[in-house]
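> turn this into a structure:
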Amino acid sequence: MSSQTTAFSRSLARLAFIAAAAFGPTIAAAADPDPALAAWLGKEMTIGSTTLNDHIPLGSKLTFVSDAEDDVVRICTRNVASARGNWRSDLAPGCNVALTFTRGTRYCTLDDVKAGNAEVLSSCHRLRSQNVAMHPAAQKGAVELHDVIVFLVVGEGGRNNISILIDSPARVIHNGGAAGGPPQ
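Residues are numbered from 1 along each chain as shown. Okay, here's the model as predicted:
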């Protein structure tokens, strides 16, 4: 083997080592969900209360799934015969909406979410997506987009629940939300 080939091989080996050192930890971290979120992933939840049945149908089902490749959490929905309506628009059955996880310093309670204190809510673990179409707009041909914020809630008996707030960037506030958890 020539000295040029050997030097080239050593250079490639060094580049491979540098690339592995630089990108290896990032890839491993993306594959493992944040421990504050992990218990909510892959578990189907049932919407047990809602004031927004046209947005989030009572009795409907959803599951949060980690998408490590895109570094997001996908909300996967499915319709069931016992629900009081069907998921629609961007939340139609499937995993169509990507949410980003924000690690807070604690889990909110349902009372925290109902109180709506922005300072308290900003300290809670949450998922968020912007510009989600959830139902047809009142005006023909228009699309009403919403911000969806899902607070991770530890409920009675340590059950992992959620509380969902819906807001509209156009400030069409629907004054409501929904909550759910695993089937009892």
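
> going forward, measure contacts and count neighbours with C-alpha atoms only.
Noted.

> and the residue nearest to the spatial centre of the chain, what pLDDT?
Centroid-nearest residue in the chain: Leu99, 3.7 Å away (criterion: C-alpha atoms, centre = their mean). In this model, Leu99 is scored at 96, pLDDT.

> now name the helix or strand holding it.
strand 94-102 (DSSP states H and E).

> can you dump the C-alpha coordinates of the helix or strand just after that strand into PDB?
Heading C-terminal from strand 94-102, the first helix or strand you meet, by DSSP H and E, is helix 110-115. C-alpha atoms of helix 110-115 as PDB (Å, rounded to 0.1, in the frame of the first residue of the first chain):
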ATOM      1  CA  LEU A 110     -56.700  19.700  36.000                       C
ATOM      2  CA  ASP A 111     -57.400  22.600  38.400                       C
ATOM      3  CA  ASP A 112     -54.300  24.400  37.200                       C
ATOM      4  CA  VAL A 113     -55.400  24.100  33.600                       C
ATOM      5  CA  LYS A 114     -59.000  25.200  34.400                       C
ATOM      6  CA  ALA A 115     -57.700  28.200  36.400                       C
END
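
> Ala81 should be in a strand, yeah?
No - under DSSP: H, G, I helix; E, B strand; the rest coil, Ala81 sits outside any strand and is assigned coil.
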